[in-house]
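*Asks:* Sequence and predicted structure are below.
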Amino acid sequence: MTHIFQKILPEDDTRLAVMRNDAKRRVYPYEAPDWAKNLKGMPSSKIDVRYDTTICQKFTPVQRWLLPNIPEDFEVYIKRDDMTGGAISGHKVKKLEFHLAAALKEGYKTIIGGGGNVSNYCRSIAVAGKELGFHVHLVQSSVTFKMHIISPVGKVIVSYFILSLHIIFYNLCKLFSNSEIEGQPAYVLPLGFPGDPGIFAYIDTFHELFLQGVTREYTDLVVACYSGITTSAFIIGNYLTGGNLRVHALSTRESKTQCQRIIGNILQKSGFLQHVGNGVDIGDLVSIVEASREPKYGVLYDEHIGRITVYEKTCFFFERNSL
């Protein structure tokens, strides 16, 4: 591991303990949608978002996306999970509700999260973790040793303000095997893996779509795919609710085969394949498209400039790392 930057802020343990105790009152038993109750790995609790919290609002809207240069008889709609709230935005905040509830319930004082150094997920961990009274250690990978990459601008400045920050050039998954900070046990927020209880965040998201009429009124469902958690949840939801949506995954993995293998492992671990049979072809459940992969995460390229026109015309702004 190579540290290129490290910032650890002194914190008031007594104040944080009071905040954690207050937050525990907002944890409640989780109940999955009826169609998902036989899945494996269902979490037992969730952070209560109905009270004074900015963690996540309910039922983000489905809105028409008037993209330029599409056929007149073709309509695109988008689930606005970028509207999950203020400094904590993006769909990944929904799985934080399960992991942070578990950390509170199990008595952890410290959480470790990670991702890219311009990651929306990292920003959400930072804000939500501090709001609930945790010592937050954020391990951020950097694509370069150039110091301007970690200058305190944009989303990175949030990390400077409210947590202990480590920016490294390293494999995050290997680093996370060590779950202690200064001798204290820490709850590790996973990046996504088979068996991750965070899949129920996207089970709930699909249930939102179901209640919003998407399975009845639309023909296709498109989702970006890297960890495979969101895609797998949508496959499960589409099948178990009797939906006829064609699910399309835009994979940013190395290959379509790798993406299929990851999704297959998640579906197996969740117990879903017991419903459809272990011999099912993943290709019958989802169409995987190899999306363009940019050589450096979080770096602006000329091809991005063309996207600004789309943002300008539609008023929907999405960064690559917010999908």
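*Replies:* That came through, no problem. Values in this document were obtained by computation on a predicted structure and should not be read as measured data. Numbering: from 1, shown residues only.
*Asks:* List the buried residues for stretch 228-245?
*Replies:* For stretch 228-245, a neighbour-count test (16 or more other CB atoms under 10 Å) marks 228-241, 243, 245 as buried. In short, each C-beta sits where N, CA and C put it, glycine included.
*Asks:* Closest to residue 77 out of these?
*Replies:* Taking CB to CB as the measure, residue 77 lies nearest residue 245 of these, at 12.2 Å.
*Asks:* my guess is that closest one contacts residue 217, does it?
*Replies:* No - the pair residue 245 / residue 217 is not scored as a contact, 10.3 Å apart, by CB atoms under 8 Å.
*Asks:* Mind listing residues that contact stretch 261-274?
*Replies:* Residues from elsewhere that reach stretch 261-274, judged by CB atoms under 8 Å, 6 or more residues apart in numbering: 38-41, 194-195, 199, 225, 227-229, 231-232, 235-236, 239-240, 249, 253, 278, 280, 282, 286, 288.
*Asks:* mind checking how far the residue nearest to residue 75 when sequence neighbours are not counted is from residue 70?
*Replies:* Here the nearest residue to residue 75 in space, its sequence neighbours aside, is residue 64; by CB to CB, 6 or more residues apart in numbering that works out to 6.5 Å. Distance from residue 64 to residue 70, counting by CB to CB, to the nearest Å: 11 Å.
*Asks:* Now for those two: what residues contact both?
*Replies:* residue 76.
*Asks:* okay, how far is it across stretch 191-202, tip to tip?
*Replies:* 14 Å (CA to CA, to the nearest Å).
*Asks:* Count the residues that sit near residue 272.
*Replies:* When counting by other CB atoms under 10 Å, one arrives at 23 neighbours for residue 272.
*Asks:* which residues in the stretch 51-200 of the chain form strands?
*Replies:* Here the stretch 51-200 of the chain has its strands, by DSSP state E, counting those that start in this stretch, at 62-64, 77-79, 110-116, 135-141, 164-169, 180-181, 184-188.
*Asks:* Compare the mean pLDDT across those strands and name the weakest.
*Replies:* Ranked by mean pLDDT, the strands of the stretch 51-200 of the chain bottom out at strand 164-169, which scores a mean of 56.
*Asks:* doesn't residue 41 make contact with residue 195?
*Replies:* Yes - if you go by CB under 8 Å, residue 195 and residue 41 touch, sitting 5.5 Å apart.
*Asks:* which residues in this structure form helices?
*Replies:* For the chain, the helices defined by DSSP state H occupy 13-24, 93-105, 120-131, 156-162, 172-175, 199-211, 214-217, 229-240, 256-270, 273-276, 282-285, 302-314.
*Asks:* Need the residues touching each of residue 245 and residue 217.
*Replies:* With CB under 8 Å, 6+ apart as the test, residue 245 and residue 217 reach no residue in common.
*Asks:* Low-confidence stretches in the stretch 151-300 of the chain?
*Replies:* Within the stretch 151-300 of the chain, the stretches with pLDDT under 70 are 151-183, 254, 278, 292-300.
*Asks:* what separates the nearest residue to residue 233 once chain neighbours are set aside from residue 133, distance-wise?
*Replies:* Closest residue to residue 233 apart from its sequence neighbours, by CB to CB, 6+ apart: residue 202 at 3.3 Å. Relative to residue 133, residue 202 is positioned 27 Å away (CB to CB).
*Asks:* more neighbours, these two?
*Replies:* Just comparing residue 202 and residue 133: by other CB under 10 Å the higher neighbour count belongs to residue 202, 24 against 21.
*Asks:* Residue 277: how many residues sit nearby?
*Replies:* Residue 277: 7 surrounding residues under other CB under 10 Å.
*Asks:* err, residue 263, not the other one
*Replies:* Residue 263 has 24 nearby residues by other CB under 10 Å.
*Asks:* can you check residue 201 too?
*Replies:* When neighbours are counted by other CB under 10 Å, residue 201 registers 24.
*Asks:* can you tell me which residues contact it?
*Replies:* Residue 201 touches 91, 94-95, 97-98, 233, counting by CB under 8 Å, 6+ apart.
*Asks:* Could you dump these into CSV with distance to residue 208 added?
*Replies:* Output for the contacts of residue 201, formatted as CSV (distance: CB to CB, whole Å):
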residue, distance to residue 208
91, 11
94, 10
95, 14
97, 14
98, 16
233, 12
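*Asks:* of the residues you listed, closest to residue 190?
*Replies:* For the contacts of residue 201, the nearest to residue 190 is residue 95 (8.9 Å; CB to CB).
*Asks:* For residue 67, see how far away the nearest residue to that closest one once chain neighbours are set aside is.
*Replies:* Of all residues not flanking residue 95 in the chain, residue 198 sits nearest, at 3.2 Å (CB to CB, 6+ apart). Applying CB to CB, the value for residue 198 to residue 67 is 30 Å.
*Asks:* Same question for residue 255.
*Replies:* In terms of CB to CB, residue 255 sits 28 Å off from residue 67.
*Asks:* Fine, thanks again, bye for now.
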